[in-house]
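Asker: curious how this folds, go ahead:
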Amino acid sequence: MVQVDGRVRYWGIVDGLGGRVLRVVTLEDGETVHNAFPDRNFRVDDKPRGAP
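Answerer: Here you go, the predicted structure:
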């Protein structure tokens, strides 16, 4: 998912974190990591939060 500021969000399940979901945010190039953290609010649904 691309944010309004051009940063890109990725999610993945990490066994080393007890199966929790890790969110990684990269800069616009899609490679340089800006931030990474366990995403407590991750939900599996058909559309991103805030989408119409």
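
Asker: G16 should be in a strand, yeah?
Answerer: No - G16 is assigned helix when assessed by DSSP: H, G, I helix; E, B strand; the rest coil, not a strand.

Asker: can you give me the neighbour number for it?
Answerer: Neighbouring residues of G16 were enumerated by other CB atoms under 10 Å; the total is 7. Placement of C-beta: from N, CA and C, glycine included.

Asker: contacts only, for it.
Answerer: Going by CB atoms under 8 Å, 6 or more residues apart in numbering, G16 touches no other residue.

Asker: do you know the pLDDT at it?
Answerer: pLDDT, G16: 92.

Asker: from L22, how far off is it?
Answerer: 9 Å (CB to CB, to the nearest Å).

Asker: next: Q3.
Answerer: The value you get for Q3 to L22, if CB to CB is used, is 17 Å.

Asker: neighbour-wise, which of those two wins?
Answerer: Neighbour totals were compared for Q3 and L22, and L22 leads with 16 against 10 (other CB under 10 Å).
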